[in-house]
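> this one's sequence-less:
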């Protein structure tokens, strides 16, 4: 997609990252949750202090898709090493893809693909043998997107939003030439 620049996050991006994370999550999923559960989750995952900690720490990396003319944040991807899900797989050095969000008004414009390509390039450059991510069991559009890249389900897991427990699928893409196994 032309007119998009990819760059790493800086502390100056925290407010816009937190806002886009909240906005994207709510656009896709707010209707699934009671207001108190949603509010608790948003504070846990997207409060500016939480996002600032992730931007500063050595575990997470954010890649931003920005409009070069305006500087507006169009989307981002967050990766984490080590992966939260390593125990579900025979991979020896997996990376987690934690969030891949675009501005809800810009979904389907190729921004997510650019960010996914960046994440996969980072995984390969870092010597990771797999990329793992969780996806809601009923988020069929996201599942199709990940399948186009070769991700496959390897486990059934859960994702908590407040006191609501959602059924999630753990997807994995093996980068060492091995196929992702189906175990769940």
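On my side now, so go ahead. Note that the structure is predicted; figures quoted are calculated from it, not measured.

> Give me the secondary structure label for the residue lying farthest from the centre of the chain.
Distance from the C-alpha centroid of the chain, by CA atoms, centre = their mean, peaks at residue 69 (25.4 Å). Secondary structure assignment for residue 69 (DSSP: H, G, I helix; E, B strand; the rest coil): coil.

> Over to residue 91?
coil.

> ok, now which ones touch it?
128-130, 132, 172, 174, 176 (CB atoms under 8 Å, 6 or more residues apart in numbering). (Glycine included, C-beta is placed from N, CA and C.)

> Now it, what are its backbone angles?
phi -60, psi 140 (degrees, to the nearest 10).

> Residue 151 now?
Dihedral angles (degrees, to the nearest 10) for residue 151: phi -70, psi 150.

> Surely it touches residue 169?
No: applying CB atoms under 8 Å, one finds residue 151 not in contact with residue 169, separated by 9.7 Å.

> Can you list the buried residues in the helix or strand hosting residue 52?
For residue 52, the host element (DSSP states H and E) is helix 48-56. In terms of neighbour count (16 or more other CB atoms under 10 Å), helix 48-56 has its buried residues at 50-52, 54-55.

> Of those, which is the nearest to residue 155?
residue 54 (24.4 Å; CB to CB).

> what separates the closest one from residue 88, distance-wise?
Residue 54 is 22 Å from residue 88, where distance means CB to CB, to the nearest Å.

> Fine by me, we can end here.
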